[in-house]
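>>> Show me how the following folds:
(2 chains)
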Amino acid sequence: MDDLYRDYILDHYKHPHNFGELDPHDLEALEHNPLCGDELGVHIQVKDGRIEDLRFHGHGCAISQASASIASEELKGMTLEEASRLGADWMIDLLGIPVSATRRKCALLNLKAVRGAVTGDGSWPT
Amino acid sequence: MPSVAESSLGVKADFPIFAQRFDGRELIYLDSGATAQKPQAVIEAQAEHLRRHNANVHRGVYALAQEADAAYDGARRRVAAFVGADPVTTIFTKNVTEAINLVAYSWGRAHVDPGDAVLITQMEHHANLVPWQVLCRERGAELRYLEVDERGELSLEALDAELQRGDVKLVAFAHVSNVLGTINPVAEIAARVRAAGAVSLIDGAQAVPQTPVDVGAIGADFYAWTGHKALGPTGIGVLHGRAELLEEMEPFLTGGDMIASVDFQSVTWNELPYKFEAGTPPIAEAVGLAVAVEYLDGLGMERVRTHEQALTSYMLERLGEVPGLRVVGPPEAERRGALASFTVEGIHPHDVAELVSRAGVCIRAGHHCAQPLMRCLGVGATARASIGVYNEPSDIDGLVDALQAGREVFGL
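As a prediction, this is how the structure comes out:
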């Protein structure tokens, strides 16, 4: 079995959850990985301070797409306050695979977009 | 044309990096378009210079300083001769990016006015795009692009139409595209630009390492390239310019070595080429680059071109065996440089590069510093395999095997 490209990672890549656009939406952000040109956007609907629904769109590698897909399930129902405090470790742990330094940005692109949408701070999660 | 096996140069043993094993595997290096590996002769020449001849140039009267002067100036003559250029108009820079910026600043800011246009092509990488974008923004000029057709080529008719508009001051374009591999008809383009009264700049970063280049015969006003892709060290680039233009241009960077005399309030510039080489230049790097071009001359650039063309043809043929693989750029090897950019259906280029790296295969994935072109091609990124003098058919076989294995990992 492949260490990085585990079955569930490839499953999420091929059949991503919560992929597409969401209209209307309350929050949005579009982020790029300058290294590879990947692009990932997020649309979020908010109700009573919680993420009621969200969708990712864009294109990227298996790692970035699987990250977005896996994270999307966790993010739904989270308060905006909780979402704004999510850091890189949360995403890497959730992904559950050894992510090399060069692929780290692939894994964190979706969280960068979510934080950008929620807090307006589009810097790379640490 | 010789077979792919016959055209192999058989020089891998000259490059010490290939003696190493990576996780017990041989290195299959197919990223020479990013940077080339270095022959022992280059590594040794730089070390020997630092061991025995190191001193600053153009300052000392002692014997060692004279040795350093001779080494640096000798390197310039050697490098200029390699591409049929005059050493007086051969300027050492940090890299091709700095060479292009030199022209954008020193020539561009003096000659490009509001309402003028700079013409580049859709296949330029960022080094030959961003400096012109910044120049045009600063000067209120228009930056226009020659389109790339579906074969990955430029149209000379479109060039003529642009030139006839009468506002184009400078045309900048790649000799060989780092993404498509397209070899542009540089002499033809330079002649048309000259006839229209505009100035031409050619980015030869990919061309010089793999094909015979005669700067004089091409006839461009400026020709820029870089050392590290031509088997030389990093930290050194080259700009060849037409003497009349260089003479009247103001310096790009200022400081020591580029002056004739300095007063508290005024300064006179040094003569060419020193006017454009402020501060201590890349001395050991120049020595290394001179040995690199000597090495290439020893192989013979016609033979290098034959080798790279035969191997590119073999690569295109073998890549065709991989299901779902699509190569971008001209389909015929004789019309392209020694590289193939491609996508594999169902696997993102980043994952393609990661998957083949497990078999020791080094290829690049991404936008290759050419984001606008990637948008034109309708792809976010590609994987790119590029060939150097040391590559052999077995390297291509290794790539294809690794691609097939990668498809299996992805369940394709």
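
>>> Contacts only, for residue 91.
You didn't say which chain, so I picked chain A. For residue A:91, the contact set (CB atoms under 8 Å, 6 or more residues apart in numbering or on different chains) comprises A:67, A:71, A:107-108, A:110-111, A:125. Every C-beta, even on glycine, is put in place using the N, C-alpha and C of the backbone.

>>> My question was about chain B, not that one.
For residue B:91, the contact set (CB under 8 Å, 6+ apart) comprises B:99, B:102, B:238-241, B:246, B:272-273, B:276-277.

>>> residues of the helix or strand bottoming out on mean pLDDT in chain B that come out buried?
In chain B, the helix or strand scored least confidently by mean pLDDT, DSSP states H and E is helix B:371-377, which has a mean of 76. Buried positions in helix B:371-377, judged by neighbour count with 16 or more other CB atoms under 10 Å in any protein chain shown: B:371, B:373-374, B:377.

>>> got it, and stretch A:26-37?
In stretch A:26-37, counting by 16+ other CB under 10 Å, buried: A:27-29, A:31-33, A:35-37.

>>> From these, list the ones also adjacent to chain B.
Restricting those to those near chain B by CB under 8 Å from any CB of the partner chain leaves A:35-37.

>>> Of those, just say which sits nearest to residue B:406.
Distances from residue B:406 to those, taken as CB to CB, are shortest for residue A:36 (16.9 Å).

>>> What's the separation between the residue nearest to that closest one when sequence neighbours are not counted and residue B:169?
Nearest residue to residue A:36, sequence neighbours excluded (CB to CB, 6 or more residues apart in numbering or on different chains): residue B:366, at 4.4 Å. According to CB to CB, to the nearest Å, residue B:366 and residue B:169 sit 32 Å apart.

>>> out of these two, which sits in the more crowded spot?
The neighbour count for residue B:366 versus residue B:169, taken as other CB atoms under 10 Å in any protein chain shown, is higher for residue B:366 (22 against 18).

>>> surely the more buried one meets residue B:341?
No: using CB atoms under 8 Å, residue B:366 is not in contact with residue B:341; the gap is 10.4 Å.

>>> wait, does stretch A:2-12 contact chain B?
Yes: counting by CB under 8 Å from any CB, contacts between stretch A:2-12 and chain B involve A:2, A:4-5, A:10.

>>> quick one: which of the residues you listed is most hemmed in?
Neighbour tally across these (other CB under 10 Å): the maximum, 21 neighbours, falls on residue A:5.

>>> what helix or strand is it on?
In the assignment (DSSP states H and E), residue A:5 maps to no helix and no strand.

>>> roughly how far apart are it and residue A:97?
As judged by CB to CB, residue A:5 and residue A:97 stand 8 Å apart.

>>> likewise residue B:9?
The gap separating residue B:9 from residue A:97 is 41 Å, by CB to CB.

>>> and what of residue B:402?
In terms of CB to CB, residue B:402 sits 20 Å off from residue A:97.

>>> Between the two, point out the one with more neighbours.
When neighbours are counted by other CB under 10 Å, residue B:402 and residue A:97 differ, and residue B:402 comes out ahead with 20 against 17.

>>> Can you tell me the element that one falls in?
Following DSSP H and E, one finds residue B:402 within helix B:393-409.

>>> tell me the mean pLDDT for that helix?
Computed over helix B:393-409, the mean pLDDT rounds to 97.

>>> Buried residues in it, which are they?
By neighbour count with 16+ other CB under 10 Å, helix B:393-409 contains the buried residues B:393, B:395-396, B:398-400, B:402-403, B:406-407, B:409.

>>> and what of stretch A:90-102?
Buried, per 16+ other CB under 10 Å, within stretch A:90-102: A:91-92, A:95, A:97, A:99.

>>> quick one: contacts for residue 20?
Since no chain was named, I'll use chain A. Neighbours of residue A:20 in contact, by CB under 8 Å, 6+ apart: A:55-57.

>>> look at chain B instead
By CB under 8 Å, 6+ apart, the contact list for residue B:20 reads residue B:27.

>>> Okay, it and residue B:252: tell me how far apart.
Distance of residue B:20 to residue B:252, given as CB to CB: 39 Å.

>>> next one: residue A:73
54 Å.

>>> give me the number of residues near residue 15?
No chain in the question, so chain A it is. Neighbourhood size, residue A:15 [other CB under 10 Å]: 9.

>>> I was thinking of chain B, sorry if that wasn't clear
22.
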